[in-house]
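Chemist: Predicted model, plus sequence, below.
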Amino acid sequence: AQKVTQAQTEISVVEKEDVTLDCVYETRDTTYYLFWYKQPPSGELVFLIRRNSFDEQNEISGRYSWNFQKSTSSFNFTITASQVVDSAVYFCALSEVRDDKIIFGKGTRLHILP
Amino acid sequence: DTGVSQNPRHKITKRGQNVTFRCDPISEHNRLYWYRQTLGQGPEFLTYFQNEAQLEKSRLLSDRFSAERPKGSFSTLEIQRTEQGDSAMYLCASRLASGDAFFGPGTRLTVL
């Protein structure tokens, strides 16, 4: 069965520091998708990225970057030069192509301190 | 606004009452998902649809819960005989198959 583990429950860093959020997944399928979402205090889940299992190229979007490594079943998320507005809960999720159900990890609460 | 919408945003009800929530997905999206989220937890999968067909229902969903997507567009989630343990945020998401999944703002249910 598919599973997503976010071992870091809560992280605090000082503004402008870099921070990496870990995500480890389990799946028996060879074709799947990985997601990251941000949930700010307002509560709405904001889509950040979707990654195909066949594409291991790292992705960068502004201050955000994602490192996908199939060998370690990890899809880690790094925020560079963090800002207070990055404070939120971040969720990693997995969707297997065979059923397209999206399963979430328990999330990492990130505090960016001014 | 072409995003996913959910109504109502908040619902307070007494134990034993029935409640119904509505989700309007992004118009061309054929997949629609329902999740439940409690404080400090990640979204828990409840059920999902491809067009009007319900593909899977989680074991978390008791017989008191039912979901429909009658014309493959909007969906409703009904909870009968609500219990205090049903208090949670109910989230809806939509996507094209294997595409990006977008969430609505959620319906917060409080059962007194």
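Modeler: Perfect, thanks for sending it. The structure presented is a predicted model; accordingly, all values stated were derived computationally and were not measured. Numbering: from 1, shown residues only, chains lettered A, B, ... in the order given.
Chemist: which residues does the closest residue to A:S53 other than its chain neighbours form a beta bridge with?
Modeler: Distances taken as CB to CB, 6 or more residues apart in numbering or on different chains put A:Y32 closest to A:S53, at 4.7 Å, once the chain neighbours are dropped. Backbone N, C-alpha and C define where each C-beta goes, glycine included. Listed beta-bridge partners, A:Y32: A:E96 (assigned using DSSP bridges).
Chemist: which ones are touching A:Y32?
Modeler: A:Q2, A:S53, A:L94, A:S95, A:E96, A:V97 (CB atoms under 8 Å, 6 or more residues apart in numbering or on different chains).
Chemist: quick one: it from A:A93, how far?
Modeler: 11 Å (CB to CB, to the nearest Å).
Chemist: quick one: least confident helix or strand in chain A?
Modeler: Least confident helix or strand of chain A, by mean pLDDT, DSSP states H and E, is strand A:59-61 with a mean of 88.
Chemist: moving C-terminal of that one, what's the next helix or strand?
Modeler: Next helix or strand after strand A:59-61 toward the C-terminus (DSSP states H and E): strand A:64-69.
Chemist: residues of that next one that come out buried?
Modeler: Across strand A:64-69, burial judged by 16 or more other CB atoms under 10 Å in any protein chain shown covers A:Y64, A:S65, A:W66, A:F68.
Chemist: The last one and A:R50 touch, don't they?
Modeler: No. Taking contacts as CB atoms under 8 Å, A:F68 lies outside contact range of A:R50: 11.2 Å.
Chemist: Between these two, which contacts overlap?
Modeler: Taking CB under 8 Å, 6+ apart as the contact rule, A:F68 and A:R50 both touch A:L34.
Chemist: Give the closest residue to residue 82 in space, chain neighbours not counted.
Modeler: By default, I'm working from chain A. Counting by CB to CB, 6+ apart, the nearest residue to A:S82 once its immediate chain neighbours are dropped is A:I112, at 4.8 Å.
Chemist: my bad, the chain I had in mind was chain B
Modeler: B:V111 (4.7 Å).
Chemist: if I look at B:L46, how far off is chain A?
Modeler: Separation of B:L46 from chain A (CB to the nearest CB, to the nearest Å) stands at 11 Å.
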